[in-house]
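**Q** Quick one: sequence plus predicted model below, questions after.
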Number of protein chains: 2
Amino acid sequence: MKAEIITIGDELLIGQVINTNQAYIAEKLNAVGVLVERMTTIGDNRRDILESFTAAWSRCDVVCVTGGLGPTHDDITKKMVCEFFQCDLVQNESVMMNVKALMAQRNIAWNKSTEEQTLVPRKCKVLQNRVGTAPGMLFVESPGGTKKYFVVMPGVPFEMKSIVDEELIPYLRRENFGTIVRHRTLKTTGIPESALADEIGSIEEIIGTDGSITLAFLPNPMGTKLRITVREKDADVADAKLQSAEDKIKAKAQKYIYSIDEMDLEDVVGAMLTEQKLTIAVAESCTGGMIANRITNVSGSSAYFNRAFVTYSDNSKTELLSVPKELIRARGAVSREVAEAMAVGARANAGVDIALSTTGIAGPTGGTAEKPVGLVWIGYADANGAMALKFNFGEHRLRFKERASQAALELLRRKLLKLHLRK
Amino acid sequence: MKAEIITIGDELLIGQVINTNQAYIAEKLNAVGVLVERMTTIGDNRRDILESFTAAWSRCDVVCVTGGLGPTHDDITKKMVCEFFQCDLVQNESVMMNVKALMAQRNIAWNKSTEEQTLVPRKCKVLQNRVGTAPGMLFVESPGGTKKYFVVMPGVPFEMKSIVDEELIPYLRRENFGTIVRHRTLKTTGIPESALADEIGSIEEIIGTDGSITLAFLPNPMGTKLRITVREKDADVADAKLQSAEDKIKAKAQKYIYSIDEMDLEDVVGAMLTEQKLTIAVAESCTGGMIANRITNVSGSSAYFNRAFVTYSDNSKTELLSVPKELIRARGAVSREVAEAMAVGARANAGVDIALSTTGIAGPTGGTAEKPVGLVWIGYADANGAMALKFNFGEHRLRFKERASQAALELLRRKLLKLHLRK
């Protein structure tokens, strides 16, 4: 099955918005055996939209369109779809109910533009949008005897994702296109991409040479993801090959792998804390609340996360974490001793089992020769005492915070698993 | 001048890599009067490459191609360019010098694939790649009497960017295409897209009917952006039209606009706090540190941000914010009274001018009929006393946190500007 993705929106053509929808849809289609051969981006104008629809519909089996479904004047996709499939708009009961529920929940009054969102082309099957007012639409037709699929979704990424995950992919999976593409992602952190490649060694030993398996290294500020992809006819063969590649990588680099596929590091440590019935508090200076924010992104975190102290000022470190004023004066706020004292103070004052702490220089200014921008001490305290590790995460403020929060959670993971703390 | 961007690479089609090159190139072309009308992404295969080249070259004045210039077997773009322009490859002296210097600097030995990188199509002008071995190539031809530009660049983002910034854009600017494109983005929050459209009313009154101005509504969880685009020959006329459209929108919806163009809401309130020499603390329950995290994303925030209390447990609200146990028992942790008490306690205990607080049910579980998932109270306290506003931000945990943090910062902005707090 061949597919084309058409994204519509002037904001894409002027470069104001980076197109993340294409990659998301492509990856999901891959998993159900649909291979994307072309992606096209055009503006909100009639001629280009109709021309792209016509070309894609003649070339491919699956056409996915996003964008231009909002309630405002520049959104013309729905009108164009009606013109393309030669049908009129009708009010859809299930969309009406969905939109009414969303409006009620958000306390928004009904208005004319909302009313218009409940109209859909007569010929389409509705793909319900659980998180927004613009419904997804699916046309299944057989021009020239071949069954083809034309999908239209809103361009707002989280609405598109909801429709893809909850409606489109389950539907296409039931259609059963015969080729199986499986991905598995091993998420690593605490080791640079090139060092990880050295640890893993020969790629051929892991993926073989018949081309059915590929391995990609995908670095980002949180670490490097290793993605294994298998293309097979048979599901059992695909799964066996995935597992074999995973096992071979684990034999070389198990320690750095914190999660397989979906879970983020905050999910992983959250599950461990729940399992081990431990509670935690966080004392953050340079990360400014990012660690607490990540921990509380996990549903159910209130069971183990008690509180965070975001102690940006020196006096707050003393008042909330009982770090002695003299210690800050003697060693500086960014020091091993203060990081340890913050963790000890957070643990004692919150009455929890474990505390993490961060103190560093997020920049881009405020560094010195001895303590440069990027320097951070990450502290840890439990019933056995306290310790701290030193890192440098560079001069870019936001990436510094991301890396420091990741290193703090990774320190926690390794402590909970009793692993070595450095490489 | 109309342009099309063609990005080539299998990694884009399987969704492994998000295409950031398109947006980068589009924005840069815009600034020199070249409007991108279409973006196409295809794989490394002969048929699709030639077909796309042909279609784009016939439709547009400027064609920008990236990708497929690497030294490995799957990179065929250079061969395809030769075929398309019917010329052979020749060794280029300036490319040879550039590549040799790069190899020496990186201590890499000369090899056959590097040698091939120094070959370029006979007809092209070289756009030097200062940071990599694959040169950019520019073809200037006049098929049918119209001068057209065909540009080929590597797909590695930092190499592409170097060629665009150092070579391509300066060249196109010298060509002087005479059209000026200006954008202005008004960022709004605290009002849904459809209600904002109703407030603004007739779009024609704002942008006129001659097509030189366009207005786009771009919604996301943080609010709705209004983007004005003007296309003109004369820079002064363009600026005047932009300003006029901005003024007309402001006359209708000024209150909801927190920033023009670049700044986020945390930057805006940060600048106000600095200006007014005020200090702030935050008491977060359901937002779990996100507000503090956003405030501390701003360089220089340590001047006004003192600390945050992330009080996830009931006992931490009492211990850190002096919220009476009885109040939590009587009204519930998610209540107007507790939100106000948290803000008052945070302000007093941190010794700051202003405090914000949040308490709510982030979900997806934990709601009741009376207090559903999504409910949040946002509190505010200053020298004049305390107050709180009630919202419902829906059942998706992360978006709930984003919306609640945005509403809290917007409450602060409106307080600092003495604006009405509700619509």
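**A** Looks like it arrived, so ask away.

**Q** Every contact and neighbour count from this point should use C-alpha atoms.
**A** OK.

**Q** Shouldn't residue A:225 be within a helix?
**A** No - with DSSP: H, G, I helix; E, B strand; the rest coil as the criterion, residue A:225 is assigned strand and is not in a helix.

**Q** got a list of what it touches?
**A** Residue A:225 makes contacts with A:185, A:186, A:187, A:188, A:216, A:217, A:218, A:219, as judged by CA atoms under 8 Å, 6 or more residues apart in numbering or on different chains.

**Q** Okay, now the unreliable bits of chain A?
**A** Residue ranges of chain A with pLDDT under 70: A:423.

**Q** before we move on, the earlier item: just among the contacts of residue A:225, which is most surrounded?
**A** With neighbours taken as other CA atoms under 10 Å in any protein chain shown, the top of the contacts of residue A:225 is residue A:188, carrying 25 neighbours.

**Q** That residue and residue A:258 touch, don't they?
**A** Yes - judged on CA atoms under 8 Å, residue A:188 makes contact with residue A:258 at a distance of 5.8 Å.

**Q** May I have stretch A:297-308 exported as PDB, CA atoms only?
**A** The C-alpha trace of stretch A:297-308 is given here as PDB (Å, rounded to 0.1, in the frame of the first residue of the first chain):
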ATOM      1  CA  ASN A 297       3.600  14.600  34.100                       C
ATOM      2  CA  VAL A 298       3.100  11.000  35.200                       C
ATOM      3  CA  SER A 299      -0.400  10.100  36.200                       C
ATOM      4  CA  GLY A 300      -0.400   8.600  39.700                       C
ATOM      5  CA  SER A 301       2.700  10.500  40.700                       C
ATOM      6  CA  SER A 302       1.000  11.900  43.800                       C
ATOM      7  CA  ALA A 303       1.500   8.400  45.400                       C
ATOM      8  CA  TYR A 304       5.300   8.900  45.600                       C
ATOM      9  CA  PHE A 305       6.000  12.600  44.900                       C
ATOM     10  CA  ASN A 306       5.500  14.600  48.000                       C
ATOM     11  CA  ARG A 307       6.800  18.100  47.100                       C
ATOM     12  CA  ALA A 308       9.500  20.100  45.400                       C
END
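
**Q** Could you check how far residue A:208 is from chain B?
**A** Distance, residue A:208 to chain B, using CA to the nearest CA, to the nearest Å: 18 Å.

**Q** Figure out the helix or strand that residue A:214 lives in.
**A** Take DSSP states H and E as the rule and residue A:214 turns out to sit in strand A:213-220.

**Q** Could you list the residues in contact with that strand?
**A** By CA under 8 Å, 6+ apart, strand A:213-220 touches A:193, A:203, A:207, A:224, A:225, A:226, A:227, A:228, A:229, A:230, A:231, A:241.

**Q** ok, now stretch A:256-264?
**A** Residues contacting stretch A:256-264 (CA under 8 Å, 6+ apart): A:184, A:185, A:186, A:187, A:188, A:189, A:190, A:191, A:250, A:265, A:268.

**Q** ends of that stretch, how far apart?
**A** Stretch A:256-264 has an end-to-end distance of 13 Å (CA to CA, to the nearest Å).

**Q** tell me how far that stretch is from the chain's mean position?
**A** Distance, stretch centre to chain centre, for stretch A:256-264: 12 Å (CA atoms, centre = their mean, to the nearest Å).

**Q** Then stretch A:223-242?
**A** 20 Å.

**Q** Which parts of chain A belong to which domain?
**A** A:2-175, A:180-260, A:266-416 (automatic domain parsing).

**Q** so of those, which one's packed in deepest?
**A** Greatest average neighbour count among these goes to domain A:266-416 (a mean of 22), per mean count of other CA atoms under 10 Å in any protein chain shown.

**Q** just to revisit the earlier point, please narrow the contacts of stretch A:256-264 to those residing in helices.
**A** The members of the contacts of stretch A:256-264 that map onto helices under DSSP state H are A:250, A:265, A:268.

**Q** which one among the contacts of strand A:213-220 gets closest to chain B?
**A** Proximity of these to chain B (CA to the nearest CA) peaks at residue A:227, which lies at 9.1 Å.

**Q** So which residues on the stretch 201-350 of chain A come close to chain B?
**A** A:287-293, A:295-297, A:299, A:302, A:305-313, A:316, A:350 (CA under 8 Å from any CA of the partner chain).
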